[in-house]
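J.: Turn this into a model:
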Amino acid sequence: MTHGKAPATPRSTLVITAHAGDFVWRAGGAIALAASRGEKVTIACLTFGERGESAKAWREGKQLAEIKAIRREEAERAAAVLGAGIVFFDAGDYPLPVTPELTDRLVAVYREAQPDVVLTHPLTDPYNGDHPAAARMALDARVLAQAIGYPAEGEIIGAPPVFFFEPHQPEMCGFAPEVLLDITEVWETKRKAMECLAAQQHLWEYYTDLGRRRGVQLKRNAGPNLGLPHTTWAEAYMRPYPQVTGELA
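T.: Residues are numbered from 1 along each chain as shown. From the prediction side, this is the model:
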C-alpha cells in the first residue's frame, strides 16, 4: 500500500496594524504576494482609525458609529482584494492604549495564525503614537505566545521574523529601507486595494509615488543588466531582530 505525503501546511503571515488603512498603504504588496502564492494572511486591525484618520467623514457631519462602519467596510473590501483575512479589535484610536488585555488578545491571534512572518509598524513615530503602541504590543505578544506557561489557548509559536513596514514620514521615525520587496507583479492589486479606502483618498497618489520610488531603488540595488522591467514597484521594510541563515545571500 502506497501512502502519499501529507499536504504541506501553507505558510502564514500575520500583519498587525493600528488603523484600518495602515496595512494597505504600507504592506499591501507583501500581503498580495503572499496570498498569490497560496499562503494564509491574517490582518489584526486594532482600531478603525475612526477618530484620527477619518477627517473627511467628520467634516461631512458623520458620527462615530457611522464612521466606524464606513472604515470597517473599506478595510474588509481592501483585505478581500489583497486575499487576506482580517480581525478587528475595535480598541479605539487617538489614543490607542497599550494594555495587558489587548496584548493578551494578540497572543491568541498569534497562536491561532502560527505565523512564519510578522509585519507591523516601527517602534518610533513622533507624529502618531498609535503606531508605536501597536508595534509594542505586537512584539510583546510575539514573545508571550512563545512561552509554554503563558495562560492562553492554542499551541505555542516559534520565533517568526518580524519586518517593520515603512511609516508615512520615514526620516522622522528612524526608518531605513533595509529590505526592498519587489511587488511589481501585484502592484495593480495593491492599487485596487488602496482605492477601497475612499476615506483617505488623499493618500492614493502619495503611496503610488512611494511605490514607484522604492521600485527605482530596488532596481539600483539589484545590480545592472538583470532584465528588470523599466517600471518596477517596491515596498521597504526594516528588521528589528537578526536574520538567521546558514548562507550569506
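J.: Let me see the contact set for Ala27.
T.: Val15, Thr17, Leu119, Phe165, Glu235 (CB atoms under 8 Å, 6 or more residues apart in numbering). Any C-beta I mention is one placed from the backbone N, CA and C, and that applies to glycine too.
J.: again, only this time at 6 Å
T.: Counting by CB atoms under 6 Å, 6 or more residues apart in numbering, Ala27 touches Val15, Leu119, Phe165.
J.: what about the protein, any weak spots by pLDDT?
T.: 1-7, 224-229 (pLDDT under 70).
J.: quick one, strands of it?
T.: Using DSSP state E, the strands of the chain run over residues 12-17, 40-45, 85-88, 117-120, 162-165, 179-182, 234-238.
J.: Could you dump the ones you listed into TSV and include distance to Lys219 and mean neighbour count?
T.: Below are those laid out as TSV (distance: least, CB to CB, whole Å; neighbours: other CB atoms under 10 Å):
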stretch	distance to Lys219	mean neighbour count
strand 12-17	25	26
strand 40-45	27	25
strand 85-88	32	17
strand 117-120	23	24
strand 162-165	20	24
strand 179-182	9	18
strand 234-238	9	24
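J.: Minimum distance to Glu247: which of these has it?
T.: strand 179-182 (17.0 Å; CB to CB).
J.: by contact count, what packs against that closest one?
T.: strand 234-238 (3 or more CB pairs under 6 Å, 6 or more residues apart in numbering; DSSP states H and E).
J.: same for the strand it packs on, what does it pack against?
T.: So strand 234-238, by 3+ CB pairs under 6 Å, 6+ apart, packs with strand 162-165, strand 179-182, helix 204-222.
J.: Reformat these as CSV; add distance to Glu101.
T.: Listed next are those as CSV, based on distance: least, CB to CB, whole Å:
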stretch, distance to Glu101
strand 162-165, 22
strand 179-182, 32
helix 204-222, 32
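J.: Can you tell me which of these is most buried?
T.: strand 162-165 (a mean of 24; mean count of other CB atoms under 10 Å).
J.: which residues touch it?
T.: Residues contacting strand 162-165 (CB under 6 Å, 6+ apart): Arg26, Ala27, Val118, Leu119, Pro122, Tyr237, Met238, Pro240, Tyr241.
J.: can we see that at 7 Å?
T.: Residues outside strand 162-165 that contact it (CB atoms under 7 Å, 6 or more residues apart in numbering): 26-27, 117-122, 139, 142, 179, 235, 237-241.
J.: ok now it, how far from the chain's centre?
T.: 8 Å (CA atoms, centre = their mean, to the nearest Å).
J.: What strands flank it, and is each parallel or antiparallel?
T.: Neighbouring strands of strand 162-165 in its sheet, by DSSP bridges, are strand 117-120 (parallel), strand 234-238 (antiparallel).
J.: thinking again about what came up before, go through the helices and strands packed on strand 234-238 and name the closest to Ala152.
T.: strand 162-165 (19.3 Å).
J.: in this structure, which spans are helices?
T.: Assigned by DSSP state H, the helices in the chain fall at 22-36, 55-59, 64-82, 100-113, 130-146, 187-194, 204-222.
J.: ranking those helices by burial, who's on top?
T.: Scoring those by mean count of other CB under 10 Å, the most buried comes out as helix 22-36, with a mean of 26.
J.: If you compare the directions of it and strand 40-45, what angle comes out?
T.: 170 degrees (axes from the mean of the first three to the mean of the last three CA atoms, to 10 degrees).
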